[in-house]
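[1] Mind folding the following:
(one chain, ligands or ions: 1)
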Amino acid sequence: MIIKNLMDINSSPIFYKMDGFVHDPFFLKLEGLNIAKSVKLKTARYMFETHEKNGNIIKDKTRIICSSSGNLAIGLAIICKDKGYPLISVVDPNTNTLAKKLVVLYGGETIEVTERDNSGGFLQTRINLINQMLLEDKNLFWINQYDDVENYNAHYHTTAKEILHEIQNVSYLFIGAGTTGTLMGCAKYFKIHSPETKIIAVDSVGSVTFSGKAARRYIPGLGTSIAPSIVDRSYVDDIIWVEEPDTIRTCYNVLKKYGLFVGGSTGTVLHAVSTYKYSKNIKGNIVAISPDFGDAYLDTVYNPEWVKSKYELNLGDL
Ligand SMILES: Cc1ncc(COP(=O)(O)O)c(C=O)c1O
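    Model (predicted):
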């Protein structure tokens, strides 16, 4: 295959059939094989291009700003480089080092906030800074993944369609919930095109997206400390909350058993799949989405000292 644009490296049609992972046929949709190495390239590209088409983003005038714990920033950095727009990514001490370095390598700028918000995280601090910067600079445009319907529209028009195109009779679809863009886009599409599919949202314990109080979480990707406005619980059939130590165990087990080096949120989703009690009456396939691979988590999920210090877990015992 010869491509002219690196963003056309398209991993989307690739599903890994994980035999023996659960009793039923199980397919993991691998979203980490594109040039930005995560599902967020789709979000970034769709949101950027929609706002460019609508005239909200104008060449040689607009500067792009985003708040991201990693993957959206990488996606946007690649797109801004490709299309010739300046990018500012607001990050925090938990943003992975790879993302911070890649944004700068691609020609963007990072601004790091260090003050914790009322819930103990950094999200509100990042958003406050962006709001202040937007007031001061009319040429800044915020690719706002928390509140913009174009986040889930991205997945409505891509991820969801790709699943139904490849796999018929999906009985259960497991999707991790971060900003809930992937979840809501797929849930809204399936509601119309495959209403019999059960949509299972996977969240981290300590996240407030669907309910509950914020608690300290260490693995980025899933979970929020402020519920995103785009989430709509009525599209979700069930929610599973996963503890971070279970995410770690699953990441290691999948690496050992399948040779698959997954990111933290994929470990969380896979744990939910393996523990969910399926209805015996439903025929069909189980599908889950893997947002990225393990590269960005070498210093955390795959670092024995880090795991020991955060969870009192010995990786040798797993
Ligand atoms: C690694 C990873 N997993 C899962 C998600 C969640 O996706 P969404 O924001 O569409 O809910 C993200 C979002 O940034 C992510 O980076």
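
[2] interface residues of the chain facing the ligand?
    Within the chain, the positions near the ligand by CB under 6 Å from any ligand atom are 38, 40, 70-72, 176-183, 221-222, 263, 265, 291-292. All C-beta spots, glycine's among them, are computed from the backbone N, C-alpha and C.

[3] Narrow these to those that are buried.
    38, 40, 70-72, 176-183, 221-222, 263, 265, 291-292 (16 or more other CB atoms under 10 Å).

[4] In strands only, show me those residues.
    G176 (DSSP state E).

[5] quick one: the strands in the stretch 101-250 of the chain?
    109-112, 140-142, 170-176, 198-204, 238-242 (DSSP state E, counting those that start in this stretch).

[6] The last one packs against which elements?
    Counting contacts by 3 or more CB pairs under 8 Å, 6 or more residues apart in numbering; DSSP states H and E, the secondary-structure elements packed against strand 238-242 are strand 198-204, helix 264-275.

[7] strand partners of the first one, parallel vs antiparallel please.
    Strands adjacent to strand 198-204 in the sheet, as given by DSSP bridges, are strand 170-176 (parallel), strand 238-242 (parallel).

[8] pretty sure G70 is touching N96, no?
    Yes: with contact defined as CB atoms under 8 Å, G70 reaches N96; the gap is 4.8 Å.

[9] Identify the contacts common to those two.
    By CB atoms under 8 Å, 6 or more residues apart in numbering, G70 and N96 have these common neighbours: 220, 296.

[10] How many neighbouring residues does the closest residue in space to S207 that isn't next to it in sequence have?
    Using CB to CB, 6 or more residues apart in numbering and skipping the chain neighbours, the partner closest in space to S207 is G223 (3.2 Å). With neighbours defined by other CB atoms under 10 Å, the count for G223 comes to 26.

[11] Quick check: G223 touching A201?
    No: contact criterion CB under 8 Å: G223 and A201 do not qualify, at 11.3 Å.

[12] Please enumerate the shared neighbours of those two.
    Joint contacts of G223 and A201 (CB under 8 Å, 6+ apart) are A177.

[13] Export the strands of the stretch 101-250 of the chain as JSON lines, with columns for mean pLDDT.
    Listed next are these as JSON lines, based on pLDDT from 0 to 100:
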{"stretch": "strand 109-112", "mean pLDDT": "97"}
{"stretch": "strand 140-142", "mean pLDDT": "98"}
{"stretch": "strand 170-176", "mean pLDDT": "97"}
{"stretch": "strand 198-204", "mean pLDDT": "97"}
{"stretch": "strand 238-242", "mean pLDDT": "97"}
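
[14] Would you format those strands as TSV with distance to P86 included?
    Listed next are these as TSV, based on distance: least, CB to CB, whole Å:
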stretch	distance to P86
strand 109-112	8
strand 140-142	10
strand 170-176	31
strand 198-204	33
strand 238-242	38
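
[15] Where does the prediction get shaky in the stretch 201-318 of the chain?
    Applying pLDDT under 70 to the stretch 201-318 of the chain picks out residues 279-281.
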